[in-house]
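Asks: Would you be able to build a 3D model of this:
(chains A and B)
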There are 2 protein chains.
Amino acid sequence: MRFDPASLTYDDRGLIPAVAQDHRSGEVLMLGWMNSGAVARTLETGRVTYWSRSRQSFWAKGETSGHIQRLVEMRLDCDRDCLLVLVEQTGPACHTNRRTCFYTAVREGTETELMAPAP
Amino acid sequence: MRFDPASLTYDDRGLIPAVAQDHRSGEVLMLGWMNSGAVARTLETGRVTYWSRSRQSFWAKGETSGHIQRLVEMRLDCDRDCLLVLVEQTGPACHTNRRTCFYTAVREGTETELMAPAP
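Replies: Okay, here's the model as predicted:
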């Protein structure tokens, strides 16, 4: 079946969550949001492009930092209301300069930082 | 720092997305939603518990199917508005009887099913 971004289920803001995963290591890097235009741009350009909720504009990941995400494969879930993007991540994915945004674990009720920012 | 579920950032419905990942294989299994009560229950019981948006009730994953998710570790992202739960998944995570909900890939513009339901 031909894939049409309009066939996905978006929330009342017109957005769908997209989980970015390193295609080699399997590490979950971040969760971003896309609208149908961002889904189309991601597929067309091969560069993962989100919708910035704060700026209300397209956000081609890495356009200022250089920390781009090259799309390896886009997947959708059974309900068509969530995306998984397998990516090749250049540099850190997180704006704090860490590899992943999920660097804080809850261990025995306490927040534990798993990694420091890259030097 | 002591972790408090109330310190997370929830959306206007009081929900936060939670990405479930197989703690051994790294496979991303599903995305569910939690409210602060579900976050607390997940940590207290060690059984991943979501908030069902359709039923408007707690949903201890696997309570009817037996396909439970034992919590191995909860992580939060830099913005505190998304969770990653590393789990030990019993049976398929998806209600379609597949290991993961993300069984459809977009390849050359076409939807491609990556796996069949378990027999």
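Asks: A:Ser7 contacts A:Leu76, correct?
Replies: No - A:Ser7 is beyond contact range of A:Leu76, at 9.1 Å (criterion: Cβ atoms under 8 Å). Every residue, glycine included, has its C-beta placed from N, CA and C.
Asks: The two - which one has more neighbours?
Replies: A:Leu76 (24 against 12; other Cβ atoms under 10 Å in any protein chain shown).
Asks: In this model B:Phe102 seems to touch that one, though I could be wrong.
Replies: Yes - counting by Cβ under 8 Å, A:Leu76 touches B:Phe102, with 7.0 Å between them.
Asks: and A:Pro17, what helix or strand is that in?
Replies: Assessed by DSSP states H and E, A:Pro17 sits inside strand A:16-22.
Asks: Restricting to C-alpha, output the next helix or strand after that strand in PDB.
Replies: Where DSSP H and E defines the elements, the next helix or strand beyond strand A:16-22 is strand A:28-34. Taking C-alpha atoms only, strand A:28-34 is exported to PDB below (Å, rounded to 0.1, in the frame of the first residue of the first chain):
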ATOM      1  CA  VAL A  28      16.400   5.700  22.100                       C
ATOM      2  CA  LEU A  29      17.600   9.200  21.500                       C
ATOM      3  CA  MET A  30      14.600  11.500  21.800                       C
ATOM      4  CA  LEU A  31      10.900  12.000  21.100                       C
ATOM      5  CA  GLY A  32       9.800  14.800  18.800                       C
ATOM      6  CA  TRP A  33       6.600  15.800  17.200                       C
ATOM      7  CA  MET A  34       5.700  15.900  13.500                       C
END
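Asks: which other helices and strands contact the one helix or strand A:Glu44 maps to?
Replies: Element membership for A:Glu44, per DSSP H and E: helix A:36-45. In terms of contacts (3 or more Cβ pairs under 8 Å, 6 or more residues apart in numbering or on different chains; DSSP states H and E), helix A:36-45 is packed against strand A:49-52, strand A:57-60, strand A:69-76.
Asks: Now do that helix: everything it contacts.
Replies: For helix A:36-45, the surrounding residues in contact (Cβ atoms under 8 Å, 6 or more residues apart in numbering or on different chains) are A:3, A:5-6, A:8, A:10, A:14, A:16, A:34, A:47-51, A:58-60, A:71, A:74, A:83, A:85, B:106, B:109.
Asks: Could you check the angle that helix makes with strand A:28-34?
Replies: Computed by axes from the mean of the first three to the mean of the last three Cα atoms, to 10 degrees, the angle separating helix A:36-45 from strand A:28-34 equals 120 degrees.
Asks: For the residue of chain A found nearest chain B, give me its contacts.
Replies: Residue nearest to chain B within chain A: A:Gly26 (2.8 Å; Cβ to the nearest Cβ). Taking Cβ under 8 Å, 6+ apart as the contact definition, A:Gly26 lies against B:25-27.
Asks: Just the C-alphas of the helix holding A:Glu44, formatted as CSV.
Replies: Provided in CSV are the C-alpha atoms of helix A:36-45 (Å, rounded to 0.1, in the frame of the first residue of the first chain):
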residue,chain,number,x,y,z
SER,A,36,1.9,15.8,8.1
GLY,A,37,4.2,18.3,6.4
ALA,A,38,7.1,17.2,8.6
VAL,A,39,6.4,13.6,7.9
ALA,A,40,6.5,14.3,4.1
ARG,A,41,9.7,16.4,4.4
THR,A,42,11.4,13.7,6.4
LEU,A,43,10.7,11.1,3.7
GLU,A,44,11.5,13.4,0.8
THR,A,45,14.8,14.8,2.1
